[in-house]
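Student: Sequence plus predicted model, see below.
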There are 2 protein chains.
Amino acid sequence: MTEHSLWGFSRALHRAINDRQPDELETLIDEDVDWAIYGPVDMFTFLGARRGKAAVLDVCRQIAETVRVHRFERESIMLSENSAASMMRYSLTALGSNRPISLRVAHFAQFKSGRLYSLRVLVDTFDLIEQALGSPIHLPKMA
Amino acid sequence: MTEHSLWGFSRALHRAINDRQPDELETLIDEDVDWAIYGPVDMFTFLGARRGKAAVLDVCRQIAETVRVHRFERESIMLSENSAASMMRYSLTALGSNRPISLRVAHFAQFKSGRLYSLRVLVDTFDLIEQALGSPIHLPKMA
C-alpha cells in the first residue's frame, strides 16, 4: 500500500518551516497550486490566497521566518485517494516575540500525481491574534 | 444507495435554526454526543464544548435565537461511511443587530447508526467578531 500523499507533504512542510529546508517541499507542490490560509492579512502578510508554486514557496519561507513548530496533533482526519482533511492543534513559538502560540487549524488538501494541487486552511483567528499580541482583546457578551 | 447521514443532519439543523423546529434534529443526535464549536465563549455563550443530546439541543436553540441562515455553500467536502468533513461559507443575519455576517466554518462530524455522535467546528473567529461588533479591530502588522 502506497503512503498517502498527505504524509510526505506534511513532513516536507514541517522540514521547510523548522529547518528552512524547502527542497523536498518544492518537489511536492504542483506548478499551478491553488492555496489559501484564511486570516488577517494586514497582521500576517503570509496569510491569504496564492496561486502557483513560486508564490506558495515564498509563503512557506515567510512562515519559517515567523514561527517554529514544536508539536502538532491531528484531532480529526479524513483521507481519500487524492484528498485529505484534518483538524489539528499546533504548538508554535512566534520567533519575533518568543511567545508560545497554541492554535487550532483545519485544512482541506487535494493532490494530483502526488503533488499538492489545492489547499484551504481555516484558523481560529481570534485565538491566534490574542496570543500573537500577548494580551486579551475585550469582547462584549452578545448572546 | 442510502443517503449519507450528513445530508439529513444538515437539513434538520437548518430547520431547527431557521424555523425553530428541532423535532427532526432531536432524532438525529446520539444521546451521548460529543460537541464543540471553538470560539470566544465570553462573547457567544453557545460556543464551546457540550456533552449529551439535551445540551446540544439547547445550544441549537440558542443559535436559532441569535442568527438566521440565508445561504451556505460547501467549498470542500469529504465523506466516508460514518464521517464527514466540510469547509463552508455561511451567509447569516445576527438577529439582535440585524447585521449581515458572512462566515467561513469547517466541521468534522462522526455518525453512529445515522445519528450525530461527534462534531468539531472551527470558525474564522476574528472575522466573526469584527462583523458581530460592526466595526474593525485595529491590528498591528507583525510579519
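Tutor: Arrived safely, thanks for sending. Quantities reported herein were computed from a predicted structural model and do not represent experimental measurements.

Student: contacting residues around the closest residue to residue A:41 other than its chain neighbours?
Tutor: Residue nearest to residue A:41 in three dimensions, not counting chain neighbours: residue A:48, with 4.3 Å by CB to CB, 6 or more residues apart in numbering or on different chains. Backbone N, C-alpha and C define where each C-beta goes, glycine included. Residues near residue A:48 by CB atoms under 8 Å, 6 or more residues apart in numbering or on different chains: A:36-39, A:41.

Student: between the residues you listed, which is closest to chain B?
Tutor: Nearest to chain B among those: residue A:38, at 5.5 Å, using CB to the nearest CB.

Student: ok, that closest one touching residue A:128?
Tutor: No: Residue A:38 is beyond contact range of residue A:128, at 11.2 Å (criterion: CB atoms under 8 Å).

Student: So if I had to pick from those two, which one is more boxed in?
Tutor: Counted by other CB atoms under 10 Å in any protein chain shown, residue A:38 and residue A:128 do not tie: residue A:128 has more neighbours, with 25 against 19.

Student: would you list the contacts of residue A:48 in a markdown table and tack on pLDDT, distance to residue A:24 and secondary structure?
Tutor: Listed next are those as a markdown table, based on pLDDT from 0 to 100; distance: CB to CB, whole Å; DSSP: H, G, I helix; E, B strand; the rest coil:
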| residue | pLDDT | distance to residue A:24 | secondary structure |
| --- | --- | --- | --- |
| A:36 | 98 | 23 | strand |
| A:37 | 98 | 20 | strand |
| A:38 | 97 | 26 | coil |
| A:39 | 95 | 26 | coil |
| A:41 | 95 | 27 | coil |
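
Student: and the two most separated of those residues?
Tutor: Taking CB to CB as the measure, those reach their widest spread between A:36 and A:41, a distance of 10.6 Å.

Student: Compare the two and say which one has the larger neighbour count.
Tutor: Each of residue A:36 and residue A:41 has its neighbours counted (other CB under 10 Å); residue A:36 has more, 17 against 13.

Student: mind checking how far that one is from residue A:118?
Tutor: 9 Å (CB to CB, to the nearest Å).

Student: Could I get the full set of helices for chain A?
Tutor: Secondary structure of chain A (DSSP state H): helices at A:5-18, A:23-27, A:53-66, A:125-133.

Student: Verify the stated contact: residue A:6 with residue A:79.
Tutor: Yes: Residue A:6 lies in contact with residue A:79 (CB under 8 Å); the separation is 6.6 Å.

Student: so where's chain A shaky on pLDDT?
Tutor: For chain A, the stretches flagged by pLDDT under 70 are A:1.

Student: Just the buried positions in stretch A:100-108, please.
Tutor: Within stretch A:100-108, the residues that count as buried by 16 or more other CB atoms under 10 Å in any protein chain shown are A:101, A:103-108.

Student: Tell me which residues touch residue A:84, please.
Tutor: A:4-6, A:77-78, A:107-109, A:111, B:78 are the contacts of residue A:84 under CB under 8 Å, 6+ apart.

Student: PyMOL command to pick out the buried ones of those residues?
Tutor: Applying 16+ other CB under 10 Å to these, the buried members can be selected in PyMOL as follows:
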select buried, (chain A and resi 4+5+6+77+78+107+108+109+111) or (chain B and resi 78)
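
Student: okay, the contacts of residue A:84 in a markdown table with distance to residue B:132 next?
Tutor: Output for the contacts of residue A:84, formatted as a markdown table (distance: CB to CB, whole Å):
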| residue | distance to residue B:132 |
| --- | --- |
| A:4 | 38 |
| A:5 | 38 |
| A:6 | 34 |
| A:77 | 31 |
| A:78 | 30 |
| A:107 | 25 |
| A:108 | 25 |
| A:109 | 30 |
| A:111 | 36 |
| B:78 | 29 |
